[in-house]
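> build the 3D model from these lines:
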Amino acid sequence: MALRRPAWWDARGGLALAWLPVAALFGVLAALRRLAYRGGLLRSERLPVPVVVVGNLAAGGSGKTPVVIWLARALREAGHVPGILSRGYGGSARLPEAVRPDSDPDRCGDEPVLLARRTGCPLWIGRRRADAARALLAAHPEVNVLITDDGLQHYALARDAEIVVLNERILGNGWLMPAGPLREPLGRLRTATLLIANGDLGATLRARLPARPCASMTLRAGHLWRLAVPAERCDAAAFAGRRVHALAGIADPDRFFASLRALGLTLASTRAFGDHHRFTPQDLRVPEGDVLLLTEKDAVKCAALAPPDCWVLPVEAQLDAAALKPVLERLHGSEAA
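Model prediction:
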């Protein structure tokens, strides 16, 4: 199911205010749930290898997928053998299963397939991440650390380190759902191992953050590649004088459109769809001779649908090498224990 971000999440207007009583109840229930896991009333399963959770406080595109890709590469460079767990959101699979670079995104979800392609790590999906983890470790006993994609609120799986990605624009009005985009209040960040700021954080937000290690991240655009022939690459200058259209079915389409304009492209049209949208040929239709640009996540689902002159913009998370230090300290502490 494709998801669209409600407009009232971006301001403390009348509709958001109307939802505040429900948001207050949501906050109480979320706090009670956390306490139940902390107190042992609900079971949190501990795995035989360390677990690093990558997640966010808000519903929406904070930039965690590039962070998972960066983390997998950084852990491998540090001598670890990482595997990745995902819920498989947007896919039809119900039971744990492996995801390969050529897996069907309609079954496994678009983000897991993208992660499998970009990281080369063993990757399993499952509604219950502990079940998926056991299956992954049985199939890949060499894996000695697990990365959980978007698992911050999945307390049924114990974790050794937490990375929380912050994008101030996605935090919106700063209220809990459904009055705002927050799944948990900012105070939840007190237990995070590492905060990653995707873009600049304002002084007001920084003053509210707990004293936790915080790294700045930028997203660097790579060379565009042709969807029909991935080995064929070019830069944005190759489209000078061409009519260019952009399409995005992600949580934050405007971020993608802005990145294209930052490359010097003038966009003849933009089309924003809900996150995890299932595309049709009509969605991707452009006038003959025009160019269509997609995100990597959307490209996973569009290879059989797109026009010939369709190109994909990859992005890489850029972080200082020292950002990994607090995570490695946690992992080494877990291994010693």
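> quick one: contacts for the nearest residue to R94 once chain neighbours are set aside?
Closest residue to R94 apart from its sequence neighbours, by Cβ to Cβ, 6 or more residues apart in numbering: R127 at 6.5 Å. Placement of C-beta: from N, CA and C, glycine included. Contact analysis of R127 by Cβ atoms under 8 Å, 6 or more residues apart in numbering lists 87-88, 94.
> and of these, the nearest to A11?
R87 (30.1 Å; Cβ to Cβ).
> OK, contacts around that closest one?
With Cβ under 8 Å, 6+ apart, R87 has these contacts: 109, 125-127, 129, 149-151, 154.
> buried ones among those residues?
109, 125-126, 129, 149-151, 154 (16 or more other Cβ atoms under 10 Å).
> so which of those are in strands?
Residues from those lying in strands, with DSSP state E as the criterion: 125, 149.
> and which of the buried ones among the contacts of R87 is nearest to V99?
Nearest member of the buried ones among the contacts of R87 to V99, counting by Cβ to Cβ, is I125, at 5.7 Å.
> nearest spatial neighbour of E45, chain-adjacent residues omitted?
For E45, ignoring the flanking residues on the chain, the nearest one in space by Cβ to Cβ, 6+ apart is A130 at 4.4 Å.
> tell me how many other residues surround that neighbour.
By other Cβ atoms under 10 Å, the residues close to A130 number 20.
> and the closest residue to A238 other than its chain neighbours, how many neighbours?
Distances taken as Cβ to Cβ, 6+ apart put L224 closest to A238, at 7.7 Å, once the chain neighbours are dropped. Applying other Cβ under 10 Å, we find 23 residues neighbouring L224.
> what does A31 give?
Around A31 there are 14 other residues, counting by other Cβ under 10 Å.
> can you give me the pLDDT of it?
As predicted, A31 sits at a pLDDT of 94.
> same check on G55?
G55 is given a pLDDT of 95.
> over to the one 5 residues further on?
Looking at G60, its pLDDT stands at 76.
> go on, the one 5 residues further on?
At T65, the predicted lDDT confidence score is 93.
> wait, it touches P112, no?
No - in this structure T65 lies outside contact range of P112 using Cβ atoms under 8 Å: 10.0 Å.
> okay, and the common contacts of these two?
D149.
> who has more neighbours, these two?
Each of T65 and P112 has its neighbours counted (other Cβ under 10 Å); P112 has more, 30 against 23.
> for the helix or strand where the more buried one lies, packing partners?
Per DSSP states H and E, P112 falls inside helix 110-119. Helix 110-119 makes packing contacts with helix 64-77, strand 82-86, strand 123-125, strand 145-149, helix 296-302 when contacts are defined by 3 or more Cβ pairs under 8 Å, 6 or more residues apart in numbering; DSSP states H and E.
> out of these, which gets nearest to S44?
Taking Cβ to Cβ, strand 145-149 is the member of those nearest to S44, at 12.8 Å.
> contacts for the helix or strand harbouring R271?
Using DSSP H and E, R271 sits within strand 267-272. Under the criterion Cβ under 8 Å, 6+ apart, residues 243-249, 253-254, 257, 260-261, 283, 290 lie in contact with strand 267-272.
> which ones among those are found in helices?
Mapping the contacts of strand 267-272 onto helices (DSSP state H) picks out 253-254, 257, 260-261.
> look up the closest residue to P101, ignoring the ones flanking it.
R117 (4.3 Å).
> perfect, that will be all.
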